[in-house]
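**Q** quick one, structure for this:
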Amino acid sequence: MVTILSIPESTEWIALIKKMEDSELHVNWVANEMRLMEQLQSVQPCIVLLPYSSTYNVYDLSSLISQKYPLTSVLLAFPTEEDLDMKRVLRAGADDVLFVSSPLSKIKEDLYLATEKSASKWLQQTPINPPQNGKVFTVCSTKGGIGKTTVAVNLAVAYAKKMMKVAVVDLDLQFGDVAMFLDVKPKQSIYEWVKEDPEGEHIERYMTPYIDGLSVLAAPPRPEFAEVITGNDVKRAICQLKQEYDVVIIDVSSHMNENVLVALEHADEILVMTYLDLPTLKNSKLLIDTLVSLELGERVKVVLNRQSKEKGITTAMVEKVLGREIDAAIPVMDKAMLTAVNEGKPLCYSNPKSPVAKQIFRLTESLYNPDSETLINKKKSRLKERVGGRR
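**A** Numbering: from 1, shown residues only. Presented below is the predicted three-dimensional model:
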């Protein structure tokens, strides 16, 4: 049975809920938003019915719930349609909205529908025998130009060369370059998937293939289309891709927003890219501290890009500033990297013996290195797929 939680915002709100309650529909009251978050730790499946309030920000609270409890359905209740900001509702990851001014029968019908959807979503995400999930790696940085996308696409190629099925998700939704770095021209993107596949069951159709076993979920074709994608969409994409792929690599925007937070929270490992200059190191430290405050610190791996003895900053100095050890260091190969980007051929594919590629391959082994029997089975399965596809 689906539990419904709500905050007693006003006597009018309580009275409205009591009129709707029956033998199948019952609302459990929690005193305030703090108690609500505590309850959600132990109550699932669950619907949160949030009334518009002057004591808390309904959009911010909805966003927080959606991020921390992705299987929880959030319904926002507004006095009238004039009080609604649809853009903020979408960004907050809410599942639906109700209007107190609507007929009681309509509100009750919407609530019944929400309970059915919530129960269905919970059952789909918690099967009796859950499938083997792929690994998720999110690559992030505090600014562009550090090499985040370069490392993401080369990691993807490195895993694909091990005969794994790999997905790269370009979550730099406004100005993502993953497709360009791989020299592919997507006909579909995450935007079309969100618009055309609301149940999220056919994400494979929206992937763009690169080489055998590696596919890209591209960023939207236009920057303004990024507004459509919500944290809930990102969550659904990751959950679906984990079931279809051995490895999912997410290249996120350098700006912290709801979509980036969802990608970080759903990652098995978080690769924080940094560089040998003090402003970048300072901001990388702030990012790491933020991840620690979100209880994600144990997943962080620090990747130092363009390592060089000529920069005047040693590895020891970097580790002192960041307060932790560097997990991987990518050497300087500016000319080779520029050629690789311009030609759309990552070094792990075009020049696997280069110093950069060797470090990337070492990084893949430290992140996820399944035993030989597992790899052999994956190779057999992939070869069967290829042979079958050529018939």
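**Q** hey, which strand is longest across this structure?
**A** strand 300-307 (DSSP state E).
**Q** list the buried residues of that one.
**A** Buried residues in strand 300-307, counting neighbours by 16 or more other Cβ atoms under 10 Å, are found at V300, K301, V302, V303, L304, N305, R306, Q307. Where you see a C-beta, it was placed from the backbone N, CA and C, and this is true even at glycine.
**Q** same thing with stretch 31-51?
**A** E33, L36, M37, L40, V43, P45, C46, I47, V48, L49, L50, P51.
**Q** sorry, back to before: list the buried ones in the next helix or strand after the longest strand of the chain?
**A** Following strand 300-307 in sequence order, the next helix or strand is helix 315-322 (DSSP states H and E). Buried residues in helix 315-322, defined by neighbour count with 16+ other Cβ under 10 Å: V318, V321, L322.
**Q** so which helix or strand takes in the residue nearest in space to the middle of the chain?
**A** Closest residue to the average C-alpha location of the chain: A263 at 2.4 Å, with Cα atoms, centre = their mean. Under the criterion of DSSP H and E, A263 resides in helix 258-265.
**Q** quick one: the strands in this protein?
**A** 3-6, 27-29, 46-51, 73-78, 96-99, 135-140, 166-171, 208-209, 214-217, 247-252, 269-274, 300-307, 328-331.
**Q** now these in CSV, with distance to A15?
**A** Output for those, formatted as CSV (distance: least, Cβ to Cβ, whole Å):
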stretch, distance to A15
strand 3-6, 13
strand 27-29, 12
strand 46-51, 12
strand 73-78, 13
strand 96-99, 15
strand 135-140, 45
strand 166-171, 44
strand 208-209, 53
strand 214-217, 47
strand 247-252, 45
strand 269-274, 47
strand 300-307, 49
strand 328-331, 60
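**Q** out of these, which comes closest to V178?
**A** strand 166-171 (3.9 Å; Cβ to Cβ).
**Q** switch the buried residues of stretch 31-51 over to TSV; also include distance to P209 and pLDDT.
**A** Below are these laid out as TSV (distance: Cβ to Cβ, whole Å; pLDDT from 0 to 100):
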residue	distance to P209	pLDDT
E33	45	89
L36	44	90
M37	42	89
L40	40	87
V43	42	78
P45	36	77
C46	39	86
I47	39	91
V48	40	93
L49	43	92
L50	42	94
P51	47	94
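**Q** would you mind putting these into JSON lines with distance to N154 alongside?
**A** Formatted as JSON lines, the buried residues of stretch 31-51 follow (distance: Cβ to Cβ, whole Å):
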{"residue": "E33", "distance to N154": "43"}
{"residue": "L36", "distance to N154": "43"}
{"residue": "M37", "distance to N154": "39"}
{"residue": "L40", "distance to N154": "39"}
{"residue": "V43", "distance to N154": "43"}
{"residue": "P45", "distance to N154": "40"}
{"residue": "C46", "distance to N154": "41"}
{"residue": "I47", "distance to N154": "43"}
{"residue": "V48", "distance to N154": "41"}
{"residue": "L49", "distance to N154": "46"}
{"residue": "L50", "distance to N154": "43"}
{"residue": "P51", "distance to N154": "49"}
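**Q** which single one of those is nearest to L217?
**A** P45 (27.6 Å).
**Q** wait, that closest one touches S118, no?
**A** Yes. Counting by Cβ atoms under 8 Å, P45 does reach S118; the two are 5.3 Å apart.
**Q** any residues in contact with both of these two?
**A** V2, T72 (Cβ atoms under 8 Å, 6 or more residues apart in numbering).
**Q** what about K242, neighbour count?
**A** 20 (other Cβ atoms under 10 Å).
**Q** do you know the pLDDT at it?
**A** pLDDT for K242: 91.
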